[in-house]
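Participant: pasted the sequence and its predicted model underneath.
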Amino acid sequence: MEKKVLKISLDDIPPEGLEVPIEDREGLVIKDCFPIKTPIIGRVFLQRWGPIVKIRGHIETTLVLICDRCTENFYWPISENIDIELHPIASLKAVQEEVRLSKEDLDVSFFDGDLIEVDEVVREQILLAVPMRKLCRQDCKGLCPVCGQNLNKETCACKPLKQESPFAILKKLVVSPNK
């Protein structure tokens, strides 16, 4: 998939809408973030509503993530629906004061010029589907802090580290009486 293929001109979107297949076998859309196990595939439908472009569709892939606890690779399947409105960035200039966002406002993004970057919408949806804490499994035991052994594979004979409170230093503080 070349980036040029996923940039659609506003003039190319007919009144009845435009369906665009998504197929990225190399994972070029997110290659700087995560490797993929399976190609990114899906379909999106673009429809113009005046200056606003509505994008709906579905994408699927499987990412290769690194566990935050044990540093082992694991697969993370993604199957996400896309439902987003793109507004021209010029519409932001009309809003001068602070505005409280509603839930519907979170499904709004912006575009500049007359090109809709569908690849950026797909990238954003994939990245939003990745969990903040990436764990190979919920009960991952992680690495031994002493020897570095992966505790999911075998146990080690290291003694647990005694964690001293960061406030322990205050015990040594001498307080003189007020004079």
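Facilitator: It's in.

Participant: grab the most central residue of the protein for me.
Facilitator: Per Cα atoms, centre = their mean, the C-alpha nearest to the average position across the chain is that of residue 127, at 2.1 Å.

Participant: quick check, that residue in a helix?
Facilitator: Yes: the assignment for residue 127 by DSSP: H, G, I helix; E, B strand; the rest coil puts it in a helix.

Participant: I'd like the next helix or strand past the helix or strand bottoming out on mean pLDDT in the chain.
Facilitator: Ranking every helix and strand in the chain by mean pLDDT, DSSP states H and E puts strand 108-111 at the bottom, with a mean of 78. Once the chain leaves strand 108-111, the next helix or strand it forms, by DSSP states H and E, is strand 115-117.

Participant: how about that following strand: buried residues?
Facilitator: For strand 115-117, the neighbour count (16 or more other Cβ atoms under 10 Å) marks 116-117 as buried. Where C-beta positions appear, they are placed from N, C-alpha and C, glycine not excepted.

Participant: that strand pairs with which strands?
Facilitator: Here strand 115-117 has these sheet partners by DSSP bridges: strand 7-9 (antiparallel).

Participant: tell me which helix or strand residue 65 sits in.
Facilitator: Secondary structure from DSSP H and E places residue 65 in strand 52-66.

Participant: what is that strand packed up against?
Facilitator: Helices and strands touching strand 52-66, by 3 or more Cβ pairs under 8 Å, 6 or more residues apart in numbering; DSSP states H and E, are strand 18-24, strand 36-49, strand 73-88, helix 118-129.

Participant: how about the closest residue in space to residue 61 that isn't next to it in sequence: which residues does it bridge to?
Facilitator: Excluding the flanking residues, the one nearest residue 61 by Cβ to Cβ, 6 or more residues apart in numbering is residue 40, at 4.3 Å. Beta-bridge pairing for residue 40 (DSSP bridges): residue 24.

Participant: how much space is there between the residue lying closest to residue 38 once chain neighbours are set aside and residue 157?
Facilitator: Sequence neighbours aside, residue 62 is the residue nearest to residue 38 in space, at 4.3 Å (criterion: Cβ to Cβ, 6+ apart). From residue 62 over to residue 157 the distance is 37 Å, taken as Cβ to Cβ, to the nearest Å.

Participant: which one's more surrounded, these two?
Facilitator: Taking neighbours as other Cβ atoms under 10 Å, residue 62 and residue 157 compare with residue 62 leading, 15 against 8.

Participant: picking that back up, count of neighbours near the residue nearest to residue 61?
Facilitator: Residue 40 has 25 neighbours, counted by other Cβ under 10 Å.

Participant: quick check: it touching residue 62?
Facilitator: No: Residue 40 lies out of contact with residue 62 (Cβ atoms under 8 Å); the separation is 9.5 Å.

Participant: shaky segments in this structure?
Facilitator: Scanning the chain with the threshold set as pLDDT under 70 gives 1-5, 91-107, 179.

Participant: fine by me, we can end here.
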